[in-house]
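K.L.:
Sequence first, then the predicted structure, then my questions.
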Amino acid sequence: MRFRLSKIYSLDFIGKKTLEFTVSADYAAALIQKVRSYPFLTVHDKVNPEQPIDKNASEQVKTTVRNAYTERLQRAFAATKRPELAAYFKDLASESNIALEPLPVQPNPILAADSMTVDNPNIDITADIISQDGSIVLESPEY
């Protein structure tokens, strides 16, 4: 299928045959176009990952889906090494009133005590890398 893997930040199965992609904003449109070119795949534009797709789901299923969403966000948040992606996952969590555990601080053994960090507050890289709607959900057919 030749997807640009460097532009795909996270893949999660959110159902038996449904896969959620978190991708770079500059790749989202191309990925959607590529996926739509395959007749056996479907793009779901508007999906709330904290709610079951079945609108008639039981309260137990609703709770299970929300807990799974919380766990996915926590796992993705803790696993990423990209600050802009961590901020994106944190924003998703706050929209759903989910408290994420803070990232553990890991010292960088390469940095010496006399090293210097330069911060440029005038640059906002988040807007260039992750869109507000950076998640794309794909579904494959049942066989």
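P.N.:
All right, it came through fine.
K.L.:
Now do the helices in the chain.
P.N.:
Applying DSSP state H to the chain gives helices spanning 25-36, 59-79, 83-95, 126-129.
K.L.:
what helices or strands is the first one leaning on?
P.N.:
This means helix 25-36. Packing partners of helix 25-36 (3 or more C-beta pairs under 8 Å, 6 or more residues apart in numbering; DSSP states H and E): strand 42-44, helix 126-129, strand 135-139. (Glycine included, C-beta is placed from N, CA and C.)
K.L.:
mean pLDDT lowest for which of these?
P.N.:
When the helices and strands packed on helix 25-36 are ranked by mean pLDDT, helix 126-129 comes last with a mean of 38.
K.L.:
Just give me the residue right at the centre of this structure.
P.N.:
Centroid check for the chain by C-alpha atoms, centre = their mean gives Thr22 as the closest residue, at 3.9 Å.
K.L.:
what about it, distance to Lys62?
P.N.:
According to C-beta to C-beta, to the nearest Å, Thr22 stands 23 Å off from Lys62.
K.L.:
Same question for Pro49.
P.N.:
Taking C-beta to C-beta, one finds Pro49 at 13 Å from Lys62.
K.L.:
same question, Val43
P.N.:
Taking C-beta to C-beta as the measure, Val43 falls 24 Å from Lys62.
K.L.:
With Asn56 as the reference, measure out to Leu92.
P.N.:
Distance of Leu92 to Asn56, computed by C-beta to C-beta: 26 Å.
K.L.:
Which one's more surrounded, those two?
P.N.:
Neighbour comparison, Leu92 and Asn56: the larger count goes to Leu92, with 22 against 6 (by other C-beta atoms under 10 Å).
K.L.:
what sits against the more buried one?
P.N.:
Residues counted as contacts of Leu92 (C-beta atoms under 8 Å, 6 or more residues apart in numbering) are Leu73.
K.L.:
What score does Glu142 have for pLDDT?
P.N.:
Reading off the confidence values, Glu142 has pLDDT 55.
K.L.:
My error: substitute Thr80 in the last question.
P.N.:
88.
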